[in-house]
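[1] A predicted structure for the sequence below; I have some questions about it.
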Amino acid sequence: MCGIVGYVGDQQALGVVVEGLRRLEYRGYDSAGVALCDAVRLHARKRSGKLANLDKVLDEQPLPGASIGIGHTRWATHGAPNDRNAHPHLDAAGRVAVVHNGIIENFAALRAELEQSGVEFASDTDTECVAHLLALELDRGLDLTAAMQSVCRRLEGAFTLVATAAADPSRVVGARRNSPLVVGLGDGENFLASDVAAFIAHTRQALELGQDQVVTITREGVRVTDFDGRPVEGTAYHVDWDLSAAEKGGYDWFMRKEIYEQPRAVADTLLGRFTREGTLQLDEMRLSDDELREVDKIIVLACGTSFYAGLVAKYAIEHWTRIPCEVELASEFRYRDPIVDHSTLVVAISQSGETMDTLQAIRHARQQRARVLSICNTNGSTMPRESDAVIYTHAGPEIGVASTKGFLTQIVACYLLALYLAQVRGTKFGDEITEIMDQIEAVPAALQKLLDGIGPVEELARELSTARSVLFLGRHAGYPVALEGALKLKELAYIHAEGFAAGELKHGPIALMEEGLPVFVVVPPQGRDQLHEKMVNNIQEIRARGARTIVLAEEGDEVVVPYADTLIRLPRVPTLLQPLVATVPLQVFACELATALGHDVDQPRNLAKSVTVE
Ligand code: AGP
């Protein structure tokens, strides 16, 4: 989820590009850079850290005037967030500069091919491959547009690319596959950007691009083709958002935008991690297979929503790997004198990578000689640096304080870890792993279908906006979902909400049941042991005591219908994957109810996005 800007026109490109990057600042990032194309050559400046660091470099080492330029703010996926990995990336001769958002799945093979041909890489990024490949095409006599078309035909994965070439100072060329790129249509000037926020100060006329398209912008106009060079039409539209709405992609809240980004976030987290040969490759796994075979216990450490992701993961980890797995609140772990040794694998889950409770817990674990693996969404944050291995989620920046896409992608990353352990330790055959990966790879589409029909959940939230207490019940992997649903409502609506294991009802909580009390029930898929039958009994018990039952059940489950005052249908997925779909209606419910109450959904009272104190 990087920020990209391209400009061709009569204004000074530097000002337009840097201002455009500033408009994308909300996307969060760890480095920034620009490249300008004057009539002679390319000039580039880039720096790690905030945009202010780039401003400082531009002051200290001014760039010549130019009316063509590209810029980038990076949210690192491959390669640490430092100066050498910052974009733009240029070929060795400085003929072409390119910026990129996304993940090029086949970059390792492309890099090996280029290195074998004598290319020396200056960075650790997948993007630099594109700069070298474009330069080779330019050397063959292609113009930048044809070069981009040719290179895109070789790329796999999700990408937005924007490039400029010294020999062709009249155009900027972009391309997209499964990653955003929009055109701003000006008078004698044109723009490319990750989203319209970057250029609506200059123009509100935009052009939406389709999948697998290359766009060439010049002062005179815009030309769009497919990757084979065949002309295609973009979709023109007028941007009527204000800047604040534009930063949120037209949504009212970052949280709502991030809820709707979940199909893409899950798909990106899976990208490049499962080979065609049916084997998993976790490129940041710095623990050897032998070390992983020595593991005799897993302890998951996390806080808040990330802790609930760990609770979900436990079911899959133990079922697929047969390794005992404890899930513990990081803030409790080191004070209980835990039993940890070199055969313990500590898995720290953290979206920010900066949560002090979790950091202190892994430091304690390392002192006890445990191996530590982080699951984190923020490349270059403290936790991955203090771990033996890291699996990055590729959710992109999560701006809303209430975690949504961070949670789903953490679960996916845990599943990838569990399957990798099963692969390494032989507790799952290759075909079994392939079958499970196929099921996981079907989740983004299931999420999209669920979100497309989520309207009734929003109506329910507005109807229940005066509720003073809401309960959530779940069983098995649905129990942590109930806990997460309650936390979302607490965080956002500031009302009493509590999640329970449904089997605990008769041990106390059923005393809470009263007339009209809203109770969400996450029903396990049918056909799994007696779980489903027991949950239906629970629904009957609470309904008999007046509760308002809001039942989340898979499509086709007709058994629950007579007991559901409100029925929310979930896509059919295997039991262990149901948290990935069951959580979404609860996120939407909490977001919409808080909105109805007039609360600040993105910045709830008393909360911070990252709790960097104990
Ligand atoms: C979740 O909505 C909250 N923002 C909070 O519980 C969060 O999950 C917790 O503070 C852990 O944060 P981390 O994932 O960045 O470590």
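    Received it, and whenever you're ready, just let me know what you need.

[2] so who does Thr404 touch?
    By Cβ atoms under 8 Å, 6 or more residues apart in numbering, the residues touching Thr404 are 255, 258-259, 262, 398, 587. C-beta: built from backbone N, CA, C; applies to glycine.

[3] same thing but at 6 Å, please
    Listed by Cβ atoms under 6 Å, 6 or more residues apart in numbering, the contact set of Thr404 reads 258-259, 587.

[4] and for Ala418?
    Counted by Cβ under 6 Å, 6+ apart, Ala418 has contacts 316-317, 320-321.

[5] helix or strand next in line after the lengthiest helix in the chain, which one?
    When the chain is parsed with DSSP state H, its longest helix is helix 405-425. Following helix 405-425 in sequence order, the next helix or strand is helix 430-441 (DSSP states H and E).

[6] relative orientation of the helix or strand following that next one and helix 430-441 in degrees?
    The C-terminal neighbour of helix 430-441 among helices and strands, as given by DSSP H and E, is helix 443-452. If you take axes from the mean of the first three to the mean of the last three Cα atoms, to 10 degrees, helix 443-452 sits at 20 degrees to helix 430-441.

[7] what is helix 443-452 packed up against?
    Other helices and strands packing on helix 443-452, by 3 or more Cβ pairs under 6 Å, 6 or more residues apart in numbering; DSSP states H and E, are helix 262-270, helix 578-596.

[8] related to what we said a few turns ago, including neighbour count, could the contacts of Thr404 go into TSV?
    Shown next, in TSV, are the contacts of Thr404 (neighbours: other Cβ atoms under 10 Å):
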residue	neighbour count
Glu258	27
Ile259	24
Gln587	27
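
[9] just confirm Lys314 is within a strand.
    No. According to DSSP: H, G, I helix; E, B strand; the rest coil, the state of Lys314 is helix, so it is not within a strand.

[10] hang on, Thr427 packs against Glu318?
    No. Between Thr427 and Glu318 there is no contact under Cβ atoms under 6 Å: 10.4 Å.

[11] residue contacts, the residue of the chain found nearest the ligand?
    The nearest approach of the chain to the ligand comes at Gly304, 1.9 Å away (Cβ to the nearest ligand atom). By Cβ under 6 Å, 6+ apart, Gly304 lies in contact with nothing.

[12] buried ones in stretch 422-429?
    422-425, 427-428 (16 or more other Cβ atoms under 10 Å).

[13] state the mean pLDDT of that stretch.
    Per-residue pLDDT over stretch 422-429 has a mean of 95.

[14] and if you look at stretch 192-211?
    Mean predicted confidence for stretch 192-211 is 93.

[15] okay, now it: how far is its last residue from its first?
    Chord length of stretch 192-211, first to last residue, is 16 Å (Cα to Cα, to the nearest Å).

[16] can you give me the buried ones in that stretch?
    Buried, per 16+ other Cβ under 10 Å, within stretch 192-211: 192-200, 202-207, 209.

[17] and the two most separated of the residues you listed?
    His202 and Leu209 (18.5 Å; Cβ to Cβ).

[18] so which of the buried residues of stretch 192-211 are also by the ligand?
    Taking Cβ under 6 Å from any ligand atom as the test, the ligand is in contact with none of those.

[19] so which of those residues sit within strands?
    192-193, 205-207 (DSSP state E).

[20] make CSV out of those residues and add distance to Glu105.
    As requested, these are exported to CSV (distance: Cβ to Cβ, whole Å):
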residue, distance to Glu105
Leu192, 23
Ala193, 24
Gln205, 34
Ala206, 29
Leu207, 27
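
[21] with those residues in mind, which one is nearest to Ala502?
    Of all those, Ala502 sits closest to Ala193, with 48.2 Å by Cβ to Cβ.

[22] residue contacts, the closest one?
    By Cβ under 6 Å, 6+ apart, the contact list for Ala193 reads 5, 182, 199.

[23] again, only using 7 Å
    4-5, 20, 182, 184, 199 (Cβ atoms under 7 Å, 6 or more residues apart in numbering).

[24] quickly list what it is bridged to.
    Counting by DSSP bridges, Ala193 is bridged to Val5, Val182.

[25] all numbers from here: first residue = 56
    I'll keep to 56 as the first residue from here, and by that count the last item is Ala248.

[26] please tell me how far it sits from Glu74.
    11 Å (Cβ to Cβ, to the nearest Å).

[27] now do Arg226
    To Glu74, Arg226 is 21 Å away according to Cβ to Cβ.

[28] what are the phi and psi values at Gly239?
    Phi and psi for Gly239, reported as degrees, to the nearest 10, are phi -100, psi 130.

[29] wait, it touches Ala261, no?
    Yes. Counting by Cβ atoms under 7 Å, Gly239 does reach Ala261; the two are 5.8 Å apart.

[30] residues touching Gly510, list them.
    For Gly510, the contact set (Cβ under 7 Å, 6+ apart) is empty.

[31] let me know the pLDDT of it.
    In this model, Gly510 carries a pLDDT of 97.

[32] Lys303 now?
    On pLDDT, Lys303 comes in at 86.

[33] wait, it sits on Lys312?
    Yes. Counting by Cβ under 7 Å, Lys312 is a contact partner of Lys303 at 5.2 Å.

[34] shared neighbours, those two?
    By Cβ under 7 Å, 6+ apart, no residue touches both Lys303 and Lys312.

[35] the bottom helix or strand of the chain by mean pLDDT?
    Lowest on mean pLDDT, DSSP states H and E among the helices and strands of the chain sits helix 298-302, with a mean of 78.

[36] what is it packed up against?
    On a contact count with 3 or more Cβ pairs under 7 Å, 6 or more residues apart in numbering; DSSP states H and E, helix 298-302 meets no helix or strand.

[37] for the residue nearest in space to the middle of the chain, which three-state class applies?
    The residue lying closest to the centre of the chain (Cα atoms, centre = their mean) is Ala450, at 0.8 Å. Of the three states, Ala450 takes coil according to three-state DSSP.

[38] per-residue confidence at it?
    Reported pLDDT for Ala450: 92.

[39] that one touches Phe462, doesn't it?
    No. With contacts counted by Cβ under 7 Å, Ala450 stays clear of Phe462, the gap being 9.1 Å.
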